[in-house]
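Chemist: Sharing a model that was predicted from the sequence below.
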Amino acid sequence: MLPGLQPPAGLTPSSLPDDAIEVGRILDAWGLKGWVKVLSHSADPEALFSAKSWFLQVPDAKFRPGFTAFSGTVSLGVDEVKTHSGSVVAKFSGVDERNAAEALRGARIFLPRSSFPAASKDEYYWVDLIGLNVVNREGVALGLVRDLMATGPHSVLCVEYTTSQEDGISTKATVAERMIPFVAAYVDAVDIAGKRITVDWQPDY
């Protein structure tokens, strides 16, 4: 623990649920009354707002070496979550001072997928799109969704695929990426159960 930082109260040793998904991490303390600023891994942080408690794990050592607020996995009750200047901020039960909030800096946040509120019609959680196969109307495979990127008014599918390159001696397989706007003009259908997204897109776009 860094000098002056006290371990927060309210931490309960726990185990991650089987369907736990990493949804963000704690960036830093916010204000003087124990609030924290959160970096959400998704542009749709609704699950953070609906959960009554969060599961925390220690940060990656490269991000914050010497972390000692807790070890393993803990759960922590959430009193309030809100947005402020485009960021997510949260207040935990038993974390009432800035020092206690600072002690949690870097902690990784997990939530069970089963706790996410139901998505509206034609809306999807990013986590449900990761790993889906992308094919076009002609049935040509375009790759797998590896990530999504927010670009203002809409999101973009980051689709990873394998391509071959010849150097005159041999042929090597390399991994490349194509970007497909996740909008109705290009996305025909999303089949979560079938793990497929059908798009109006060509391999040479």
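Modeler: It's in. In this text, all values refer to a predicted model and were calculated from it rather than measured experimentally.
Chemist: contacting residues for the closest residue to Y205 other than its chain neighbours?
Modeler: Leaving aside its sequence neighbours, Y205 sits nearest to R178 (Cβ to Cβ, 6 or more residues apart in numbering; 7.4 Å). Just so you know, the C-beta spots here come from the backbone N, C-alpha and C atoms, and that holds for glycine as well. Counting by Cβ atoms under 8 Å, 6 or more residues apart in numbering, R178 touches 142-143, 159, 161, 205.
Chemist: same thing with V23?
Modeler: By Cβ under 8 Å, 6+ apart, the contact list for V23 reads 40-42, 45, 47-48, 109-111, 127.
Chemist: that older thread, can you list the contacts of R178 in TSV and add secondary structure?
Modeler: Shown next, in TSV, are these (DSSP: H, G, I helix; E, B strand; the rest coil):
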residue	secondary structure
L142	strand
G143	strand
V159	strand
Y161	strand
Y205	coil
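Chemist: With respect to K33, which of these is nearest?
Modeler: Taking Cβ to Cβ as the measure, K33 lies nearest V159 of the contacts of R178, at 43.7 Å.
Chemist: how deep is that closest one tucked in, by neighbour count?
Modeler: Counted by other Cβ atoms under 10 Å, the residues lying close to V159 total 22.
Chemist: try A47
Modeler: Number of residues near A47 (other Cβ under 10 Å) recorded here: 22.
Chemist: per-residue pLDDT, Q6?
Modeler: At Q6, the model reports a pLDDT of 55.
Chemist: Sketch out the strands for the chain, chain order is fine.
Modeler: With DSSP state E as the criterion, the chain has strands at 12-13, 20-30, 35-40, 53-57, 73-84, 87-92, 108-112, 133-136, 141-150, 155-166, 171-181, 187-191, 196-199.
Chemist: can you list the domains in the protein?
Modeler: Per the record, the chain has its domains at 12-115, 126-199, by automatic domain parsing.
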